[in-house]
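Chemist: give me a 3D structure for the following:
(chains A and B)
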Amino acid sequence: MEDLEVVAGNGLLHRRAFLRGGAAFAAAMTGYTLSDSLAAQQLADDAWSTRAGAAIPEYGVPSSFEKSASRTLSNPKGEPRTQHARTPHHLLNGTFTPNALHFVISHSGAPDIDPAKHRLVIHGLVKKPLAFTLDALSRYPMVSRMAFVECGGNSAPLFSNEPVQATAQALHGLVSCAEWTGVMLSTLLDEAGIDPKAKWLIAEGADSLALSRSVPVAKALDDAMIALYQNGERLMPGNGYPMRLLLPGWEGNMNVKWLRRIKLTETPGMSYYETRTYAPILPNGKAYQFYFLQEVKSFITHPSPGLTLNGAGFYEVSGVAYSANGRIAKVMVTADGGKTWAQAALQGPVLPKAFTRFRVPWRWDGGPAILQSRAWDEAGNMQPTRAEVIAQRGQTKAAVTNAAAFPSQHYNGPTSWAIERTGEVKHVYA
Amino acid sequence: MSTHNFIRLVALGALVLGSTASAQSPFDSAQGRPNLGTPISEAEIAAWDISILPDGSGLPPGSGTPSDGARIFATKCATCHGENGKGGSAAALVGGRPLTSGIETPKTIANFWPYATTLFDFTRRAMPWPRPRTLTNDEVYALIAYMLSLNKIVGEDAVMNAQTLPKVRMPNRDGFIVRFPERMP
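Modeler: So this is what the prediction gives:
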């Protein structure tokens, strides 16, 4: 252990210690799952090794041992209100979210759309209004890109004046990252011919609420996509099948699902969701409007509440970082509540407006520790401290008791996890 | 393949490569657009074209008063929004605390909504929740007149129609700050 370079308090190691440490490092490893007595056991074949296994299904499902890696549902019976399905970040690793675990918010369920009957109409301030079938769009040149989608209300419990005891899934489960494939919206707008007077477009879904949001034409021409595929397969119904608007880095609700209509206009529609729901109230009684960007943010997924540490020794601290303003440039991690920091390794490729997995090796001494991450993006934005967020945005006067509540929106401050001597992980403010 | 055709193919290849160098897609040039959209007229889109803008564009013919709206509300809305809009399983539509009460203050028509046109747009497109887009335009105007009257934003005899609704000034009209002015068109 002596030759592992400690770079910050409470045992954070150099991000390349794994490469430098060699045999000493391997000997120092314990971890979330490794049993101390494993080496002493007499090995023998288990039942699954002595007979043929199960038939392979047409559409794969995870191991029966992984049932806990599921989304949590706010409205499982589909009662007449919003449904939230949250991604279990603490049980995933890497940078993209499996489709069945991608977060969903739907304000009126997932419509069962027949793709043969679905149409996308582009009209309003265009030279030539056009209707596209899915078959027609499927013949266009396509682009694939990784992009995170995050609800404007993700992480909202951190506006509570007292820390809400909840998992990373409950606190941050309304962000996910996928590889999206589809047709660039600029290609279709070019064919319809944009009237120079058009500054906005109103995007609308085929869901029962016909959810609509206004988007600046400049964003549409920059990197907006009509997404048809999600991680290689057609979109999930909850994520907009058969097509959705993808606005990389921008507020999730604006990435209109089940997209059926785009109307070019001079002014924004001032729809319900942009003038009411996703307009957060400020302490002075004013409210932010058009909070387009999901700004630079990071949170630690391993360890985090629900992942109890199994004794002192080596662990990898890892999490995700992302920004609407491009690539992640740097992530720093502390294990002593912010007194000293270690630079995390960024798992490549580091892509713009997508999850970047950060990792830093850690030797836990078994005592109290407070883990926290902070991210910087390539545009020079630094993830603010919670105190900075609260100074500008306020916090609740009473402690939030329901982790599914939305006291405000667009929290991008850090999250702190306290490690107790028992190995349990708690949410704290630090 | 004739020499002539071969030359044409090479020329096409050069065109495709040339446009690739300057744009993401080889089909971006006017000549190479897929053009697989079907032209459609605004008349054909009319049933889907339900967006109402703050200046009132998109508002249909029709009208309604608060007393008409009260009757419709009792039969089609009160189940969820409560008697006289006091709230139930769905949000209250009357009253509301000052926004300085805290960042988690419930947002209401009286304390938050900046445009009366949004009330028409959202009610027509999304309500009643189990049967959206079944209200007539007269019914929507009447319901909006009723909600505005309940909140003392218009008088009890106000007639709401395509001319009067956009002129209604909502109490919190100037209560907003654009978060990213540099991103606004």
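
Chemist: only C-alpha atoms from now on, for both contacts and neighbour counts.
Modeler: Fine.

Chemist: where's the residue nearest the centre of chain B relative to A:Gly423, distance?
Modeler: What sits nearest the mean C-alpha location of chain B, by C-alpha atoms, centre = their mean, is B:Ser51, with 4.4 Å. In this structure, B:Ser51 and A:Gly423 are 54 Å apart, going by C-alpha to C-alpha, to the nearest Å.

Chemist: can you tell me the helix or strand for A:Leu371?
Modeler: strand A:369-377 (DSSP states H and E).

Chemist: can you tell me the SS state at B:Phe122?
Modeler: helix (DSSP: H, G, I helix; E, B strand; the rest coil).

Chemist: likewise B:Asn84?
Modeler: helix.

Chemist: could you find the closest non-adjacent residue to it?
Modeler: B:Ala78 (7.0 Å; C-alpha to C-alpha, 6 or more residues apart in numbering or on different chains).

Chemist: that neighbour: neighbouring residues, count only.
Modeler: Using other C-alpha atoms under 10 Å in any protein chain shown, B:Ala78 is surrounded by 19 other residues.

Chemist: do I have it right that it meets B:Ala91?
Modeler: No - assessed by C-alpha atoms under 8 Å, B:Ala78 is found out of contact with B:Ala91, at 10.8 Å.

Chemist: averaged pLDDT, stretch A:244-251. What do you get?
Modeler: For stretch A:244-251, mean pLDDT is 98.

Chemist: confirm that A:Trp48 sits in a helix.
Modeler: Yes - secondary structure assignment (three-state DSSP) places A:Trp48 inside a helix.

Chemist: ok, it to A:Ala418 distance?
Modeler: On the measure of C-alpha to C-alpha, A:Trp48 and A:Ala418 end up 39 Å apart.

Chemist: could you find the closest non-adjacent residue to the closest residue to chain B within the stretch 301-430 of chain A?
Modeler: Using C-alpha to the nearest C-alpha, A:Pro407 is the residue of the stretch 301-430 of chain A that sits closest to chain B, at 4.5 Å. Distances taken as C-alpha to C-alpha, 6+ apart place B:Glu104 nearest to A:Pro407, at 4.5 Å, with adjacent residues excluded.

Chemist: show me the contacts for that neighbour.
Modeler: A:Ile281, A:Thr396, A:Phe406, A:Pro407, A:Ser408 (C-alpha atoms under 8 Å, 6 or more residues apart in numbering or on different chains).

Chemist: what residues of stretch A:397-405 count as buried?
Modeler: Neighbour counts over stretch A:397-405 (16 or more other C-alpha atoms under 10 Å in any protein chain shown) mark A:Val400, A:Ala403, A:Ala404 as buried.

Chemist: please apply the same query to stretch A:257-268.
Modeler: Quick answer for stretch A:257-268 (16+ other C-alpha under 10 Å): A:Lys257, A:Trp258, A:Leu259, A:Arg260, A:Arg261, A:Ile262, A:Lys263, A:Leu264, A:Thr265, A:Glu266, A:Thr267, A:Pro268.

Chemist: now the end-to-end length of it.
Modeler: Stretch A:257-268: ends 19 Å apart by C-alpha to C-alpha.

Chemist: one more: stretch A:315-329?
Modeler: End to end - C-alpha to C-alpha - stretch A:315-329 spans 24 Å.

Chemist: A:Ile226 - that's part of a helix, no?
Modeler: No - using three-state DSSP, the secondary structure at A:Ile226 is strand, not a helix.

Chemist: isn't it right up against A:Pro248?
Modeler: No - with contact defined as C-alpha under 8 Å, A:Ile226 does not count as touching A:Pro248 (11.3 Å).

Chemist: before we move on, the earlier item: now, which of the buried residues of stretch A:257-268 lie close to chain B?
Modeler: A:Arg261, A:Thr267, A:Pro268 (C-alpha under 8 Å from any C-alpha of the partner chain).

Chemist: redo those residues as TSV? Include secondary structure, distance to A:Arg213 and pLDDT.
Modeler: As requested, these are exported to TSV (DSSP: H, G, I helix; E, B strand; the rest coil; distance: C-alpha to C-alpha, whole Å; pLDDT from 0 to 100):
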residue	secondary structure	distance to A:Arg213	pLDDT
A:Arg261	strand	11	98
A:Thr267	coil	12	98
A:Pro268	coil	8	98
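
Chemist: now, among those residues, which is nearest to A:Arg145?
Modeler: A:Arg261 (23.1 Å; C-alpha to C-alpha).

Chemist: that closest one contacts A:His118, correct?
Modeler: No - counting by C-alpha under 8 Å, A:Arg261 does not reach A:His118; the two are 10.6 Å apart.

Chemist: least trustworthy helix or strand in chain A by mean pLDDT?
Modeler: Lowest on mean pLDDT, DSSP states H and E among the helices and strands of chain A sits helix A:17-28, with a mean of 52.

Chemist: mind pulling up the pLDDT for A:Leu4?
Modeler: For A:Leu4, the model assigns a pLDDT of 76.

Chemist: what is the burial count for it?
Modeler: With other C-alpha under 10 Å as criterion, A:Leu4 counts 21.
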